[in-house]
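[1] Pasting a predicted model and its sequence here:
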Amino acid sequence: MGRAISNIKLGVFVMGGLLFLILLLYMIGKNENLFGSNFRLRVRFENVQGLTPGNNVRYAGIQAGTVKKVIILNDTLIEVLMLIETRMKPFIRKNAVVSIGTDGLMGNRVLNISPVKTAAELVEEDDILASKKGIEMDDMLETLANTNNDVAVIAAELKKTIHRINSGNALWSILEDENLPAHLRASMMNVRRATAKAEQSINAIHGIVEDIKQGKGSLGTILADTAMAVNLNQAILKINKVGEDADTLAHTLHTIAGMIQQDLDNGKGTANLLLKDTALASNLKSSLDHIREGTEGFNEIMEALKHNFLLRGYFRKLEKQKEKEAKKSSL
């Protein structure tokens, strides 16, 4: 009887050890940090993309902890509880960003904590970190499918274009034209000539600009000579002054013409007498006739005196003196 009880106790002890070993192996498989201290951090996502408890948490690519729980808060928000090793606490700050990734191309889901370069305080227990939407495999596949569709459309259009080229004669007639290479060479020669002429023109313009900068030529002298600039300014000022004087003179003449017109209209003034008084005009004409007659008589008297034997020598002397003066002026 006692031996049976001992066997039962031994069996219970073995079963308990086996259960403890199984539990220990399970916890190790879940990456539970059983022999080290840790603290909790939280992050919230709209879609955890298949993340489950026990998945790894990495900080800057370094293993930092595991996922403890995935909690559904509402229909659009899911909270993930992370167990982070205490040794990482001095490095993780409150502005760090968490994203969901994969361990390899088709591996398990992992949480990646990425540091931000801006300054912030260190995290504390149960802090909620900001999240960032990661690249999902479904989105990649959908994008790849759209790309494949676009490539198929482009290939179909390219096939139609090649078919049109093959069925048409215009392009082939151009390619089979034996004179085409000669025409192309002639065109290239013309282009080279035009380019050379353009280069010569540019060099000539550059030379002209350099001469102007150095004060050469008329334009260079005008631009570089300060004395000429002063003279030009003075000339412009004088031209402006002449223009002002011309305006003043025109205004004065306009005023005088207005006064003369007013005198003519009123029948007064000297202008009216000269232009409209017939008696004065007759007197002026008679006076001019008398002056002309007196001048003619004076000329006859002078001609008679020239032939007088008493004054003939005097007049001859005057003529000789005039001839000498004419010869001197001609020399």
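    Structure received.
[2] Run through the helices of the protein in chain order.
    2-29, 137-167, 170-175, 180-213, 217-224, 226-266, 269-276, 278-306, 312-330 (DSSP state H).
[3] Now distance to Leu41 and mean pLDDT too, for these, in a markdown table please.
    C-beta coordinates here come from the backbone N, C-alpha and C atoms, glycine included. Shown next, in a markdown table, are these (distance: least, CB to CB, whole Å; pLDDT from 0 to 100):
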| stretch | distance to Leu41 | mean pLDDT |
| --- | --- | --- |
| helix 2-29 | 20 | 72 |
| helix 137-167 | 26 | 81 |
| helix 170-175 | 68 | 66 |
| helix 180-213 | 69 | 83 |
| helix 217-224 | 76 | 63 |
| helix 226-266 | 79 | 74 |
| helix 269-276 | 115 | 59 |
| helix 278-306 | 126 | 72 |
| helix 312-330 | 123 | 75 |
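[4] Is it possible to get TSV of those helices that adds mean neighbour count and distance to Val123?
    Formatted as TSV, those follow (neighbours: other CB atoms under 10 Å; distance: least, CB to CB, whole Å):
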stretch	mean neighbour count	distance to Val123
helix 2-29	10	25
helix 137-167	10	30
helix 170-175	10	69
helix 180-213	11	67
helix 217-224	13	72
helix 226-266	11	75
helix 269-276	13	112
helix 278-306	10	124
helix 312-330	10	120
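[5] Tell me which of these approaches Leu129 most closely.
    helix 137-167 (23.0 Å; CB to CB).
[6] so how far is the closest one from its chain's centroid?
    Helix 137-167 has its C-alpha centroid displaced from the chain centroid by 38 Å (CA atoms, centre = their mean, to the nearest Å).
[7] Contact partners for the residue nearest to Val70 when sequence neighbours are not counted?
    Nearest non-adjacent residue to Val70, counting by CB to CB, 6 or more residues apart in numbering: Val80, 5.5 Å away. For Val80, the contact set (CB atoms under 8 Å, 6 or more residues apart in numbering) comprises 42-45, 48, 51, 67, 69-71, 111.
[8] how does it look with 7 Å?
    Shown in contact with Val80 (CB atoms under 7 Å, 6 or more residues apart in numbering): 42-43, 45, 48, 51, 67, 70, 111.
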